[in-house]
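In: show me the folded form of this:
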Amino acid sequence: MSSDVSEYTIGGVKIIFPCKAYPSQLAMMNAIVKGLNNRQHCLLESPTGSGKSLALLCSALSWQQSLYGKLKPETSPPCHCTCHSQSKSNEAATSVNHGASSSSFNNYETGSSVKPGKCKENETLASKLSAKKRLSLYANENDDFQVDRKRIRPLETEQQSSGPCTECSCSSGKETDKDTRNTKKKENGDRSFVPKIFFGTRTHKQISQITRELKRTAYSSVPMTILSSRDYTCIHPVVSSSGSNRNEMCVELLEGKHGKSCLYYHGVHKLSEHHALQSAHRMYQAWDIEDLVSLGKKLRACAYFAARELMVGADIVFCPYNYLLDPQIRESMEINLKGQVVILDEAHNIEDCARESVSYSVTESQLRVAREELDFMVNNNIRQKDHEPLRAVCCSLTNWLQESYSQLVERGYETSCKVWSGKEMLTILYKMGITGITFPILQKHLATVLEKEEKISVLGKEELIEIPVVSPATQIVLKGLFMVLLCLFKDNGRYADDYRVALQQTYAWMNENQLDVSDTSAFFTRPKHKRSLRQKTVVRMLNFWCLNPAVAFSDLSDVRTIVLTSGTLSPMDSFSSELGVKFSIQLEANHIIRKSQVWVGTIGAGPNGRKLCATFQHTETFEFQDEVGALLLSVCQTVGQGILCFLPSYKLLDKLKDRWMHTGLWRNLELVKTVISEPQGGAKSDFDELLKIYYDAIKCKGEKDGALLIAVCRGKVSEGLDFCDANARAVITIGIPFANVKDLQVELKRKYNDQHKSTRGLLPGSQWYEIQAYRALNQALGRCIRHRNDWGALILVDDRFRNNPNKYITGLSKWIRQQIQHHENFGSALESLHAFAIRNQKSIDCSSECSSEVIHVPSNPKDLSQASQQEATIHLSTDVPAKSEEKSLVPEVNFTTTVSSVNPTASNQQSNIMTTMKQSMFISCGKNFTNVLKCEVASFFEETNGF
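Out: Residues are numbered from 1 along each chain as shown. Now for the predicted structure:
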């Protein structure tokens, strides 16, 4: 955390900020606090590098801590009875003390996400496992594979089995602890409920960046957890090195199959209690997945399940945002979002993610395998009455597919399809006997067959016995089908019209020695059949496509506040209509950099004067391909260090690469820079290795001046990667990345929007199509300029930007629109670019060290761009008068700047403050937030004059 600590009071909430906030950060914090106070949803765009993450974390966590501060309970003296002292260590996992807050907060509901009815609230995973450990008869603790054929289940602790306590008042109550807390909640209303904050972002790498920012704040001591997949958290030596089937292997070990179990799972309580004890002594600090995994290896405890366990007592939960949108993941992770706060960072792709989370695709062969496995279960009399109806569903679907092949219509080379509407699909399902009445019964059958144990009566006593279940692969098929069927039947078919069911037939070459689908984790292992080498095979896919992301967001209707934020939300028009969420608070913040730090220009012609318009017809010509190559070479010779070039598609990347290899231009590029092209697909490790080559080529200066990375919009490079400073001195975009207009899903979505644009307020299909392209373009351009002192050039190559700016420029982010220049010819553009690069390269020695989102005071306030001095633009809902909203936006804002050497985690060091500078401003209710920001900027200028 910076030594310069600032305090701001916004909307009655005291926010401790690790540095002096920019106007854009103040605007963001104001919008978030207002949304949280008034239960309103927020749509916030703030450019990358403008301190967005700090503003999000500090405003949301300070608001949450203020709720704890408002709870002043009449605390009863602690109970010191035998039973409670015995379970003290177990309760530590759920009663996590808040490091920066009062310990009395723990007596109140903190938004527990444990499913009701699953287990008692004090029976956490840690307590069950520690109890099991104490009762265990294992002799050798160092053995990773121990015999335990029974699935781990809740076991009675000594306290539970010894009867009611007689040494305190807890024995008089007959209610469970959960009932008591629920009663308390009802008596106090919602005042005793402090919402959790679920902070979702797109990738695990972005979560690492967020937690790194959290460590800089005064709120780094709040209880937290990070939910992630086993790919990132499994530490079992065999499972973690198994590749793609970690989930299945983990499940096998938990079930004790093959006489083996997982010691690390049995040690989960060690990790949970370790973090709880740190918090109890106010030593708790923000951590990352790597920290948890490292500690798990040290304590021989499972980091995956420990992270889930820590969610019970966490105030903020970090996870990829599909964990919050996907109903199947929410169920498996036991995430309950009712009344909670949901922040979705990097939310520019949220519409696609929401649609995908409630869509499902299954191949004919997968259905056939599932049916065969259900046959095994029925024929061997294993829960026959439950497996038979499920087998009937698979049989009905496969038979219907066989009948439908004759209706397939050819769409292209070796591709054909047939599409049904959701309502037509309901009619087809009705004929199969699957209706709104019978589907709930089928759901119960599915829930039963997934239970691995069953109670039976033996000599008058009930005992649990292990029952074989279908393989994980078949479970995935059944759960996926039932998820989309639930959406189709939900609310009497309300969302059926939002679905399209498409049967597609294509051909694929099977790889050498590829095996038929076989699952060794199934109860009955089927034989593996080797296919012949390079066999061309028909692939038939049944797709249930949701065309309305509001279907997924309907499950979030009882969330307190949703905050969508990104550096590239523009164009913002589609979010409200597509997601079915009213965003009463909208913000487009300005960038924090000076005008001299960024060069933004459009180029419509290459070095040879040929017009460059990257439509499909032009990109197919050698003239276009050669001109783009010549342009790229000229820029590489002009701008040193790292350059990123983004193309609309992998298809065009392959064409350009083949052409340039043939003409020798690729070799000329390699004489200037190390050239790397983004691979389509492939292993993550291979991609990471390519990035390392790129970074090393820039870092280690030799005969070549840096590196060129040719990538694709919407690809891996354009999403979430940080190319600060020398790693991206220029970003070149070729054309506008419109999606393939002939893609079936894109075609259906455009038609769907046209169909419902009047009745549901959706954007017309063509406008939706254009917005998706510009959002991808903005995301690619956002790879450059990653912090306050960074500099770089944004080069938009396409003649359409200059010829029709009203149409093609409006979709760009606000900070790019404000500085864009159109160049008549390539020569003038290159001359301007050269001057820009030379000027900034000379001053690079004076620049501060690259540090994402660290605030630096400029040496000269005049260097601030005019856009940075302007107030942030705030858009309010159309049904509320703008004037009244402006007045109520910030009823009171107090600014206090403290320059000190205070460690935020050690409050007792306040006496060590060397210098205190206080500046307070009171903004009355009659002044709007525009004036607040103007005053703050004026204050910023006055302070910098002294440097």
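In: can you map out the strands along the stretch 251-400 of the chain?
Out: Ranges of strands in the stretch 251-400 of the chain, per DSSP state E, counting those that start in this stretch, are 316-320, 341-344, 360-363.
In: mean pLDDT added to the ones you listed, as CSV?
Out: Putting those into CSV (pLDDT from 0 to 100) gives the following:
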stretch, mean pLDDT
strand 316-320, 93
strand 341-344, 95
strand 360-363, 94
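In: quick one: which of the ones you listed is nearest residue 682?
Out: strand 316-320 (20.5 Å; Cβ to Cβ). Where C-beta positions appear, they are placed from N, C-alpha and C, glycine not excepted.
In: now the closest one: buried residues?
Out: Buried residues in strand 316-320, defined by neighbour count with 16 or more other Cβ atoms under 10 Å: 316-320.
In: got JSON lines for the strands of the stretch 251-400 of the chain, with distance to residue 457 too?
Out: Formatted as JSON lines, those follow (distance: least, Cβ to Cβ, whole Å):
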{"stretch": "strand 316-320", "distance to residue 457": "42"}
{"stretch": "strand 341-344", "distance to residue 457": "46"}
{"stretch": "strand 360-363", "distance to residue 457": "39"}
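In: residue 764: which of those is closest?
Out: strand 341-344 (25.8 Å).
In: what residues sit buried inside the stretch of helix or strand residue 69 belongs to?
Out: For residue 69, the host element (DSSP states H and E) is helix 52-70. In terms of neighbour count (16+ other Cβ under 10 Å), helix 52-70 has its buried residues at 52-68.
In: ok, now stretch 288-301?
Out: Neighbour-count burial for stretch 288-301 flags 288-289, 292-293, 295-296, 299-301 (criterion: 16+ other Cβ under 10 Å).
In: looking at those, spot the one nearest residue 788.
Out: Using Cβ to Cβ, residue 288 comes nearest to residue 788 of those, at 23.9 Å.
In: skipping its backbone neighbours, what lies nearest that closest one in space?
Out: Spatially, and ignoring its direct neighbours in sequence, residue 288 is nearest to residue 211 (4.9 Å; Cβ to Cβ, 6 or more residues apart in numbering).
In: what residues are up against the closest residue to residue 629 other than its chain neighbours?
Out: Among residues not flanking residue 629 along the chain, residue 665 sits closest, at 4.2 Å (Cβ to Cβ, 6+ apart). For residue 665, the contacting residues are 626, 629-630, 633, 659, by Cβ atoms under 8 Å, 6 or more residues apart in numbering.
In: how about a cut-off of 10 Å?
Out: 625-626, 628-630, 632-633, 656, 659 (Cβ atoms under 10 Å, 6 or more residues apart in numbering).
In: repeat for residue 791
Out: Taking Cβ under 10 Å, 6+ apart, we find residue 791 in contact with 593-594, 596-599, 725, 729, 784-785, 836-837, 839-841, 843-844, 847.
In: next one: residue 837
Out: Counting by Cβ under 10 Å, 6+ apart, residue 837 touches 599, 635, 638-641, 729-730, 791-793.
In: equivalent analysis for residue 727, please.
Out: Residue 727 neighbours (Cβ under 10 Å, 6+ apart): 641-644, 691, 694-695, 698-699, 706-707, 709, 721, 783-784, 786, 790, 792, 850.
In: returning to what we had before: report the two of the buried residues of stretch 288-301 separated the most.
Out: Using Cβ to Cβ, those span at most 20.1 Å, a distance reached by 288 and 300.
In: give me the low-pLDDT residue ranges for the stretch 701-850 of the chain?
Out: Residues of the stretch 701-850 of the chain meeting the criterion pLDDT under 70: 720, 844-850.
In: all helices for it, in order.
Out: Ranges of helices within the stretch 701-850 of the chain are 744-756, 765-781, 799-803, 805-808, 814-817, 826-842, based on DSSP state H, counting those that start in this stretch.
In: ok, back up a step: mark which of the contacts of residue 665 are part of helices, please.
Out: Those of those mapping onto helices are 625-626, 628-630, 632-633, 656, 659, per DSSP state H.
In: just name the closest of those to residue 686, please.
Out: Set against residue 686, the nearest of these by Cβ to Cβ is residue 656 (21.3 Å).
In: check contacts around the residue nearest to the closest one when sequence neighbours are not counted.
Out: Spatially, and ignoring its direct neighbours in sequence, residue 656 is nearest to residue 625 (5.6 Å; Cβ to Cβ, 6+ apart). By Cβ under 10 Å, 6+ apart, the contact set of residue 625 is 618-619, 652, 655-660, 662-663, 665.
In: how much space separates residue 625 from residue 631?
Out: As judged by Cβ to Cβ, to the nearest Å, residue 625 and residue 631 stand 11 Å apart.
In: for residue 546, same thing?
Out: Counting by Cβ to Cβ - residue 546 and residue 631 are separated by 41 Å.
In: please, which helix or strand holds the residue nearest to residue 242 when sequence neighbours are not counted?
Out: Excluding the flanking residues, the one nearest residue 242 by Cβ to Cβ, 6+ apart is residue 249, at 5.3 Å. Assigned by DSSP H and E, residue 249 belongs to helix 246-255.
In: and that helix, what does it pack against?
Out: helix 230-233, helix 263-266, helix 303-310, helix 472-493 (3 or more Cβ pairs under 10 Å, 6 or more residues apart in numbering; DSSP states H and E).
In: distance between stretch 537-545 and the chain's centre?
Out: 28 Å (Cα atoms, centre = their mean, to the nearest Å).
In: go through that stretch and flag the buried ones.
Out: For stretch 537-545, the neighbour count (16+ other Cβ under 10 Å) marks 540-545 as buried.
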